[in-house]
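*Asks:* curious how this folds, go ahead:
(one chain, ligands or ions: 1)
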Amino acid sequence: MMNDVAASGREKKILAPMVRVGTLPMRLLALEYGADLVYSEEIIDRNFLDSYTRDKYEIKEWISNKTQLSFFSTCDKERDKLIVQLGTSNGNNAYKAAEKVIPFCRGIDVNMGCPLDYSTKGGMGAALLKTPEIASDIIKTLRRNLPNEYSVTAKIRLFPVLKDSIDFVHLLANSGADAVAIHARQVHERAKDKAHWDQLAQIAQLVTTNIPLMGNGDIFSVQDMLRMKEETGISHWMIARMAQWNVSIFRGTLDSMNNVILRYVQLAEETNTYYGLAKYCLQQMIKYQKWTRTEFASKINHAQSWDDIKYALSFLDA
Ligand SMILES: Cc1cc2nc3c(=O)[nH]c(=O)nc-3n(C[C@H](O)[C@H](O)[C@H](O)COP(=O)(O)O)c2cc1C
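*Replies:* You can find the predicted model right below:
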């Protein structure tokens, strides 16, 4: 069966994986604003391996045996649109982790682009770009063992040499990946460095596989999505920072920040989200709006509980 991610015909707006940001309330809000797919933040495979699940009203939570804290949660509303991103360096562990979550999502993605030490030191994230045989084995193991209707994808970064990026996409496709997301930066590049859409265009033109490519990096508006399509031919748009700042980007015209914030807080509370995570996301929105000197910002910065966050909302218009 052709799965969601692999259905290449239509344009797709996709919430990128984002640690601390891409948790359940943000994913639900992205879907409300029109996202076609939502990625979870990266979850390290061993977290799933050493966990149990707990149902709380409509929410299913994965709890760490070690800390007794919830590290991932989901609900029925997003089941058909949710891609769970794994941090992994081993096919068997990736599969065992995937097995724990697969009935509750649409597919599994493997993070092959995270440049941070904690990821690469364990052979995960961007380290996989340097160990193609392991990257290939992870995708093959997942594809071989997961039912066909679940997608298996990977998110990569650019190699310094174009041909290496193309070879890596071919490797992933030949290993069974249903789609590949390309963050159009090299491993050493940071958000302030411009994304290389010219490389995306060349990859899209030169790959001989017909799996869909998702373009990621520097999409901040609908105009950017259209421009990416025009310049690269890619019409599966994966959006990170702009969604973090104002998730109504998925609607096209931006909604007012007040509406976004009020609905985000409502969803975060309804989904038993830890107040500290909601506070972090609200702080990102505040910074983007340049509201750092407002009473609302001050109340959010000092919030120590859900009650404090809700009290802060009364200062939103101030
Ligand atoms: C707060 C934050 C957390 C991120 N966490 C992840 C992650 O868990 N997994 C991943 O593959 N990329 C992660 N990224 C990278 C983004 O998915 C994306 O590749 C990058 O931000 C470029 O897209 P943008 O220009 O739309 O921001 C993160 C980015 C941000 C801003």
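*Asks:* could you measure from the closest residue to residue 24 other than its chain neighbours over to residue 190?
*Replies:* Sequence neighbours aside, residue 271 is the residue nearest to residue 24 in space, at 4.7 Å (criterion: Cβ to Cβ, 6 or more residues apart in numbering). Backbone N, C-alpha and C define where each C-beta goes, glycine included. According to Cβ to Cβ, to the nearest Å, residue 271 stands 31 Å off from residue 190.
*Asks:* who in the stretch 51-200 of the chain is up against the ligand?
*Replies:* Within the stretch 51-200 of the chain, the residues that sit near the ligand (Cβ under 6 Å from any ligand atom) are 85, 111, 113-114, 155, 183.
*Asks:* export these to a markdown table and tack on secondary structure?
*Replies:* Converted to a markdown table, these look like this (DSSP: H, G, I helix; E, B strand; the rest coil):
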| residue | secondary structure |
| --- | --- |
| 85 | strand |
| 111 | strand |
| 113 | coil |
| 114 | coil |
| 155 | strand |
| 183 | strand |
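*Asks:* would TSV of those residues with pLDDT be doable?
*Replies:* Shown next, in TSV, are those (pLDDT from 0 to 100):
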residue	pLDDT
85	98
111	98
113	97
114	95
155	98
183	98
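*Asks:* what is the nearest of those to residue 98?
*Replies:* Closest approach between those and residue 98, by Cβ to Cβ: residue 85, at 10.9 Å.
*Asks:* correct me, but that closest one touches residue 38?
*Replies:* No - look at residue 85 against residue 38 with Cβ atoms under 8 Å: they stay out of range, at 10.6 Å.
*Asks:* overlap in contacts, those two.
*Replies:* Here residue 85 and residue 38 share no contacting residue, scored by Cβ atoms under 8 Å, 6 or more residues apart in numbering.
*Asks:* return the residues in contact with residue 304.
*Replies:* Contacts of residue 304 (Cβ under 8 Å, 6+ apart): residue 275.
*Asks:* offset the numbering so it begins at 22, please.
*Replies:* Renumbered: residue one is now 22, and that last one reads residue 325.
*Asks:* in the stretch 72-221 of the chain, which spans are strands?
*Replies:* Taking DSSP state E, counting those that start in this stretch as the criterion, the stretch 72-221 of the chain carries its strands at 72-77, 80-85, 91-96, 103-108, 128-133, 172-179, 200-207.
*Asks:* any idea which of these is most buried?
*Replies:* Greatest average neighbour count among those goes to strand 128-133 (a mean of 27), per mean count of other Cβ atoms under 10 Å.
*Asks:* list of residues touching that one?
*Replies:* 24-26, 38, 60, 63, 104-109, 115, 119, 122-123, 140, 145-147, 149-150, 156, 159-160, 163, 167, 171-178, 199, 202.
*Asks:* if we go to 7 Å?
*Replies:* 24, 26, 38, 60, 63, 104-109, 115, 119, 145-147, 149-150, 156, 159-160, 163, 167, 171-177 (Cβ atoms under 7 Å, 6 or more residues apart in numbering).
*Asks:* and the residue of the stretch 72-221 of the chain found nearest the ligand, bridged to which residues?
*Replies:* Per Cβ to the nearest ligand atom, the residue of the stretch 72-221 of the chain with the smallest distance to the ligand is residue 204, at 3.9 Å. Counting by DSSP bridges, residue 204 forms beta bridges with residue 178, residue 237.
*Asks:* hang on, it packs against residue 240?
*Replies:* No - using Cβ atoms under 7 Å, residue 204 makes no contact with residue 240, being 11.2 Å away.
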